[in-house]
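> what would the 3D arrangement of this be:
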Amino acid sequence: MSDTPPSRPVHAAQTLFASVDGCLQVGGIPLPRLAERVGATPFYAYDRQVLSARVAQLRAALPPEVRLHYSVKANPMPALVQHLAGLVDGLDVASAGEMAVALDTGIAPRDVSFAGPGKSDSELRRAIAAGVCLHAESALEVERAAATGTQLGIRPLIALRVNPAFELKGSGMRMGGGAKPFGIDAEAVPAVLRRLAELAVDYRGLHIFSGSQSLKLDAIMEAQSATFELALALFEETGMAPPQLNIGGGFGIPYFPGEQPLALDGLKEHLAGWVARLRERLPDTEIMIELGRYLVGEAGVYVARVIERKESRGQVFLITDGGLHHHLAASGNFGQVIRKNYPVAIGNRMDAGSDARETVSVVGPLCTPLDLLAERMELARAEPGDLVVVFQSGAYGKSASPAAFLSHPAAAEVLV
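Numbering: from 1, shown residues only. From the prediction side, this is the model:
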């Protein structure tokens, strides 16, 4: 637990990292020392212990029959993926680049799945040659994969990504319901399944994903129930039992003031009930849950150094060497309609009392007003050389940001 004085509100993210003598600890290393170890700011740092603890926490909240997959798109840093590969049952990727990272971990290719619309011919060939499972997003992709497999003399492993008619209510990003570029519309799936039976492919099952970033367990469980019901209905209509059923994820993490961590109470019993029901009709179907942000998001911080302290017409600006080119999400330009601050702190002044705090805006070095990491936020009074920390930065950080914008140096990454 953090040593931050309890007299002021502390975001839940800050309780995952200790604070000793006013310095945030990441991986047990004081932040200033870690900055020296990395060699330069800005950088991302990911804590192994926080990652491992999150996986263990989730395992305890799932029935043992439910396999856990990590969605690499949340954070494809090779060392982080390698660490998680030893903790989870499979890896899900969305590009040939991510597939290469996943296969480098030594995980069995059959436990790697490749989703995403618009897979190129090269990606299909590489995936089929590697022996990973393709999650086909269209009827045409099924035909293309089958033809490629014939050319290579390899039977492709193919699961169907389904676009359900329902969505995950209250989710930050809705991936199902209505017209979508993702997956095959549920009503069209039976015909594609029948076509699969005519092709030289191995049918591996269904992937049904309806949304992400939800903090409401009731909504998640409702979507899970609809997912199981859809899978059973497709089986009843076609007679084709899915060897695997990927029920997606959707688990969110708190980013903004007032948000509470997702409570998992009741999830195990809910899923256990569905596992039992599924076993009655699909005894050989393997169930998996696919999570990205929930596993890694809270384990990472983004660290930038204050270059200058500037006052303009009564407002204080901390100008740092980091910004939206490294952390687009924290700037508010990645999915936010109304900009809100991520949890931010001065990482080497965590014990500052109320008399040593002030309202400031934290900005980066880019020539755009969009380059904003914290707007009018109460922080410890900072000076040039101090370290600004953005919490909740383990997912969709560096890899989701326009690193080439204005040609500044890239941020480093370290797993500690």
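
> rest of the way, CA atoms for contacts and neighbours
Will do.

> mind jotting down where the helices sit in the stretch 1-150 of the chain?
Taking DSSP state H, counting those that start in this stretch as the test, the helices found in the stretch 1-150 of the chain are 31-38, 48-60, 78-85, 96-104, 121-130, 139-152.

> for residue 15, find the nearest of those.
Closest to residue 15 of the helices of the stretch 1-150 of the chain, according to CA to CA: helix 48-60, at 11.0 Å.

> low-confidence regions, this structure specifically.
1-13, 169-181 (pLDDT under 70).

> longest strand of the protein?
What stands out as the longest strand in the chain, according to DSSP state E, is strand 300-312.

> can you list the neighbours in contact with the helix or strand following that strand?
Next along the chain after strand 300-312, taking DSSP states H and E as the criterion, comes strand 315-320. Here strand 315-320 makes contact (CA atoms under 8 Å, 6 or more residues apart in numbering) with 304-311, 359-365, 382.

> give me the buried positions along strand 315-320.
Neighbour counts using 16 or more other CA atoms under 10 Å place 316, 317, 318, 319, 320 of strand 315-320 among the buried residues.

> repeat that for stretch 218-226.
Under 16+ other CA under 10 Å, the buried positions of stretch 218-226 are 219, 220, 221, 223, 224, 225, 226.

> so which residues of the stretch 151-300 of the chain form helices?
For the stretch 151-300 of the chain, applying DSSP H, counting those that start in this stretch gives helices covering 189-196, 217-238, 267-281, 293-296.

> so for the third one, what gets flagged as buried?
Buried residues in helix 267-281, counted by 16+ other CA under 10 Å: 267, 268, 270, 271, 272, 275, 278.

> quick one: these as a markdown table, columns for distance to residue 18 too.
Output for the buried residues of helix 267-281, formatted as a markdown table (distance: CA to CA, whole Å):
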| residue | distance to residue 18 |
| --- | --- |
| 267 | 29 |
| 268 | 30 |
| 270 | 34 |
| 271 | 34 |
| 272 | 35 |
| 275 | 39 |
| 278 | 43 |
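
> relative to residue 189, which of the residues you listed is nearest.
residue 278 (19.6 Å).

> how near is that closest one to residue 203?
To residue 203, residue 278 is 19 Å away according to CA to CA, to the nearest Å.

> kindly report the same for residue 159.
From residue 159 to residue 203 the distance is 6 Å (CA to CA).

> have a look at the two and say which one is more surrounded.
Using other CA atoms under 10 Å as the criterion, residue 159 and residue 203 rank with residue 159 on top: 28 against 23.

> which residues does the more buried one contact?
Neighbour list for residue 159: 133, 134, 135, 136, 203, 204, 205, 206, 207 [criterion: CA under 8 Å, 6+ apart].

> again, but for residue 410
326, 403, 404.

> including neighbour count, could those go into a markdown table?
Listed next are those as a markdown table, based on neighbours: other CA atoms under 10 Å:
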| residue | neighbour count |
| --- | --- |
| 326 | 28 |
| 403 | 19 |
| 404 | 11 |
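
> of the residues you listed, which belong to helices?
Using DSSP state H, no member of these falls in helices.

> and of the residues you listed, the nearest to residue 24?
residue 326 (20.9 Å).

> tell me how far that closest one lies from residue 301.
For residue 326, the distance to residue 301 equals 12 Å [CA to CA].

> let me know the outermost residue of the chain.
residue 313 (39.7 Å; CA atoms, centre = their mean).

> list phi and psi for that residue.
phi 50, psi 50 (degrees, to the nearest 10).

> what's the distance between it and residue 359?
Distance from residue 313 to residue 359, counting by CA to CA: 14 Å.

> next one: residue 320
According to CA to CA, residue 320 stands 16 Å off from residue 359.

> check residue 130 too.
To residue 359, residue 130 is 54 Å away according to CA to CA.

> and for residue 128?
For residue 128, the distance to residue 359 - CA to CA - is 55 Å.

> those two: which has the busier surroundings?
Between residue 128 and residue 359, counted using other CA under 10 Å, the more crowded position is residue 128 (24 against 14).

> and the residue nearest to the more buried one when sequence neighbours are not counted, its phi and psi?
Among residues not flanking residue 128 along the chain, residue 156 sits closest, at 5.5 Å (CA to CA, 6 or more residues apart in numbering). The phi/psi pair for residue 156 (degrees, to the nearest 10) reads phi -70, psi 150.

> kindly report the same for residue 216.
The phi/psi pair for residue 216 (degrees, to the nearest 10) is phi -110, psi 110.

> tally of neighbours for residue 374?
25.

> give me the number of residues near the closest residue to it other than its chain neighbours?
Nearest residue to residue 374 in three dimensions, chain neighbours excluded: residue 362, at 4.8 Å (CA to CA, 6+ apart). The tally of other residues near residue 362 (other CA under 10 Å) stands at 24.
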